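Asker: Sequence first, then the predicted structure, then my questions.
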Amino acid sequence: MDVSYVMNLGLILLIIAIVGVLLYLKLSSPDVKQLSQQQSVQTMQDQQFTIVQMTAYVREYLHEHVNENIYALGLSGEELRRRNNKRLELRRALKGCVYGDLQDKQFVKDLIYDLLVTTYGLNERNINQVIPFEEVERCTDQDLFEIILYRYKGNYGLNALSTLIQIYQLDELRLLNEEQGTEGYRITAEDIRFIYINEYRPLTFEQKLHIIVQRIYQSYKGFSVVDEIRDMRIDGVSGGVSGVPGSISFMHLQDQMTGRRSGLSSIDAPKSYDSVWIFYRGKSIHMSFLSFGSEIELKRVCQNIYKYNNPGQLSETVGYKVNEMKDGSRIVVVRPHFAESWAFFVRKFDIPNASLESLIQDQNAEIVINLLKYLMKGARITAVTGQQGSGKTTLLMALVRHIYGTLTLRVQEMAFELHLRKIYPYRNILSFRETDHIRGQEGLDVQKKTDGAVNIIGEAATDPVAAWVIQSSQVASLFTLFTHHAKTFNDLIFSLRNSLLKIGVFSNERIAEQQVVRVIGFDVHLRMDRNGHRYIERITECVPSGDLACENTYEAFNIVEYREGAYVAVNRLSARSMTEMSEQMSEQDAVALAAFVEKHWGERCGA
């Protein structure tokens, strides 16, 4: 072997050894060790102060606390009872908050607040690592919205969202698609950032902590990004009702079938879990800046939001559930394969404001308000008709106030929505609803045996229930109130007639129609315009034809109509209705009815 080669190889190995020793000594120095440890600690802290990690900590802590075996702790009798009561209270709150109970929700949030401060180590130095409160450009649209809503909630309570919408006119029509010229209602990320900058105020540590607690709660036990929205005094909220369904890009499929590209690519198109909508004063408004983040999160919300009172399991074979929440909200949940995506609908009813005076406020509203009061006192069979969202259920709540308190009320609904006993706790009222094993017709049959004077049907949506409205109005009760989706008075009559025919009560179309028109007294028809304004379009009286051989079995007279923003008295009440209403009224109310009709209809002829 060449001597020079050996010498060069030895020199190289020596140099490598010297470099290795120097590196070892350098890395072994206290400064390097300390720096390395600091970097490791900083990395752990960065990971520690995130919503995901904090939510996991809260979930694990509360799970252990609820399932703790306190009997193995060797506690005294008094301490054992105290610990057990606290555990039971926490267990009840964790269950109740999912049902929409605001007190249980606050209890759980207060506990999370204490955990983050006392055991997790959240403080003024590290709180901005969770949400960058001091750096607007790093905040997400959801961050900014939740900060704004928190501030407004502090000033306006559950009216926070509606107040925000009113102040910034967020419910005005805007152009949604410039190419197609489509108009609609939408609140955008630009709106939220403008509002935030306009109303920016520094937050205290406690305020920041409350916002973080809400974020953790809604990820753990709440309803994700709609959790606080659901509590607000609005008409409702829904999710999963827009965007590309599931993991399949229907836009991409359409592109392949048509050989052209749609406006958005499959990647850019919003997904079903990007869908949050609110229902505000009759307007469906897209909260386009909010997203559930994933289909898994949307699915979690759908699987939890309907669980109050154990309504049964949502499954592929049972693809929808209709239920109520603890606060009286109606909840509808659907899932694949019954629906194209997971979706939920929360419909809220303004129970405290269910009065005719608050609902009917256009010019000459007193004509409609007083007429409706007299129809109730006069025990008139009345249908409340109109499109979805026009206010039928809320008006029905308000009408009950003017039924004489001596009368007993029996209510049949698909899901509990009217909640009349909450509004009128001293009235004799009992409500029934459909279940998986008891259908509407069976429930109505039971009602016949419960001493009911007034029957209220939440919605005559099926043929058996619609037919029962007619049958019960003839023999089983003093009078009946019900809602229906008929667009015109003729549609109402024909629909009820066809229901009688379909279930086999009658086989002759004309005879079935005669039975309907002899029962239906009045139709109160509601409308909602494209701006969300609700009003009573007309109140129509049905007058049966005196001649049964006549081609027409009835005549319809509009007693009141809505014209150019005002209510107008049109046709006088029929003599038959005046007589029958007076017979059901107190003497004082009968005199007041005659004076009311004379004042507004004067000498105009009645049928």
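Answerer: Received it, and whenever you're ready, just let me know what you need.
Asker: Over to the closest residue to Asp274 other than its chain neighbours. Which of the three states is it?
Answerer: Using C-beta to C-beta, 6 or more residues apart in numbering and skipping the chain neighbours, the partner closest in space to Asp274 is Ser291 (4.3 Å). To be clear about C-beta, it is placed using only N, CA and C from the backbone, and glycine gets the same treatment. Taken by DSSP: H, G, I helix; E, B strand; the rest coil, the conformation at Ser291 corresponds to coil.
Asker: Would you quantify the distance from Ser291 to Gly240?
Answerer: 11 Å (C-beta to C-beta, to the nearest Å).
Asker: what about those two, which has more around it?
Answerer: Gly240 (29 against 22; other C-beta atoms under 10 Å).
Asker: Skip the chain neighbours and tell me the closest residue to that one.
Answerer: Spatial nearest neighbour of Gly240, excluding adjacent residues (C-beta to C-beta, 6+ apart): Ala343 at 3.4 Å.
Asker: The residue nearest to Asp274 against Gly243, yeah?
Answerer: No - here Ser291 does not reach Gly243: they are 9.1 Å apart, not a contact under C-beta atoms under 8 Å.
Asker: which neighbours do these two share?
Answerer: Tyr273, Asp274 (C-beta atoms under 8 Å, 6 or more residues apart in numbering).
Asker: Please work out how many residues are found near Ile15.
Answerer: Per other C-beta under 10 Å, the neighbour tally for Ile15 reads 10.
Asker: Help me confirm that it is found in a helix?
Answerer: Yes - judged by three-state DSSP, Ile15 forms part of a helix.
Asker: Got the confidence number for it?
Answerer: What the model reports as pLDDT for Ile15 is 74.
Asker: Can we start the residue count at 84 from this point?
Answerer: Okay, residue one is now 84; in that scheme the one you just asked about reads as Ile98.
Asker: In the chain, which residue is most central in space?
Answerer: Central residue of the chain (C-alpha atoms, centre = their mean): Val429, 2.1 Å from the mean position.
Asker: so it makes contact with Arg313?
Answerer: Yes - the criterion here is C-beta under 8 Å, and Val429 meets it with Arg313 at 5.8 Å.
Asker: what is in contact with the two at once?
Answerer: Val320, Ser412.
Asker: Provide a list of residues in contact with the nearest residue to Ile553 once chain neighbours are set aside.
Answerer: Leaving aside its sequence neighbours, Ile553 sits nearest to Val602 (C-beta to C-beta, 6+ apart; 5.2 Å). Counting by C-beta under 8 Å, 6+ apart, Val602 touches Ile464, Val552, Ile553, Ser556, Gln557.
Asker: 6 Å instead?
Answerer: Residues in contact with Val602 (C-beta atoms under 6 Å, 6 or more residues apart in numbering) are Ile464, Ile553, Ser556.
Asker: Take these and keep only those in helices.
Answerer: Ile553, Ser556 (DSSP state H).
Asker: which one of the contacts of Val602 is nearest Phe589?
Answerer: Nearest to Phe589 among these, counting by C-beta to C-beta, is Ile553 at 9.9 Å.
Asker: thinking again about what came up before, next one: the residue nearest to Asp357 from Asn453, what distance?
Answerer: For Ser374, the distance to Asn453 equals 49 Å [C-beta to C-beta].
Asker: to the chain's geometric centre, what's the distance from stretch 239-254?
Answerer: The chain centroid and the centroid of stretch 239-254 are separated by 17 Å under C-alpha atoms, centre = their mean, to the nearest Å.
Asker: who touches it?
Answerer: Residues contacting stretch 239-254 (C-beta under 6 Å, 6+ apart): Leu232, Tyr235, Lys236, Ile270, Ile278, Met315, Arg316, Ile317, Tyr363, Lys366.
Asker: Show me the two of these that sit farthest apart.
Answerer: Across the contacts of stretch 239-254 (C-beta to C-beta), the longest gap, 21.6 Å, separates Lys236 and Lys366.
Asker: Dump the C-alpha coordinates for the strand or helix carrying Glu596 into CSV.
Answerer: Using DSSP states H and E, Glu596 falls within helix 592-602. Output of helix 592-602 as CSV, limited to C-alpha atoms (Å, rounded to 0.1, in the frame of the first residue of the first chain):
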residue,chain,number,x,y,z
GLU,A,592,-117.1,14.5,-4.3
ARG,A,593,-120.0,17.0,-4.0
ILE,A,594,-121.2,15.6,-0.7
ALA,A,595,-117.7,15.7,0.7
GLU,A,596,-117.3,19.3,-0.3
GLN,A,597,-120.7,20.2,1.2
GLN,A,598,-119.5,18.7,4.5
VAL,A,599,-116.4,20.8,4.4
VAL,A,600,-118.1,24.1,3.7
ARG,A,601,-120.6,23.5,6.4
VAL,A,602,-117.8,23.3,8.9
